[in-house]
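**Q** what follows is a predicted structure for the sequence shown.
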Amino acid sequence: EGTEIYICGGTPFLQSMIKELETLNVGDESIHYETFVPRLSVKV
């Protein structure tokens, strides 16, 4: 109780980590994440 989890990375990594945390009974409200994705090149 009172534990906050912060993770960041690519989508497959985040999905894997969140799934694992759920098996450890970590509640969704305690899991915070940020997604890293490749930057898209846009020609102007």
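**A** On my side now, so go ahead.

**Q** ranges for the helices of this structure?
**A** Here the chain has its helices, by DSSP state H, at 11-23.

**Q** where does the prediction get shaky in it?
**A** Applying pLDDT under 70 to the chain flags the ranges 1.

**Q** again, 50 this time
**A** Along the chain, the model assigns pLDDT under 50 to no residue.

**Q** can you give me the strands for this structure?
**A** In the chain, the strands defined using DSSP state E lie at 5-9, 31-35.

**Q** will you turn those into TSV that also has mean neighbour count?
**A** C-betas here are computed from N, CA, C, even on glycine. Formatted as TSV, these follow (neighbours: other CB atoms under 10 Å):
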stretch	mean neighbour count
strand 5-9	13
strand 31-35	12
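
**Q** format these as a markdown table; extra columns: distance to L24.
**A** Below are the strands of the chain laid out as a markdown table (distance: least, CB to CB, whole Å):
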| stretch | distance to L24 |
| --- | --- |
| strand 5-9 | 10 |
| strand 31-35 | 11 |
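
**Q** do you know which of those strands lies nearest I18?
**A** I18 lies closest to strand 31-35 among those, at 6.1 Å (CB to CB).

**Q** need the contact partners of stretch 17-36.
**A** Residues from elsewhere that reach stretch 17-36 (CB atoms under 8 Å, 6 or more residues apart in numbering): T3, E4, I5, Y6, I7, C8, G9, G10, T11, L14.

**Q** need these in JSON lines (columns: distance to S30).
**A** As requested, the contacts of stretch 17-36 are exported to JSON lines (distance: CB to CB, whole Å):
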{"residue": "T3", "distance to S30": "6"}
{"residue": "E4", "distance to S30": "6"}
{"residue": "I5", "distance to S30": "6"}
{"residue": "Y6", "distance to S30": "10"}
{"residue": "I7", "distance to S30": "11"}
{"residue": "C8", "distance to S30": "16"}
{"residue": "G9", "distance to S30": "18"}
{"residue": "G10", "distance to S30": "21"}
{"residue": "T11", "distance to S30": "20"}
{"residue": "L14", "distance to S30": "15"}
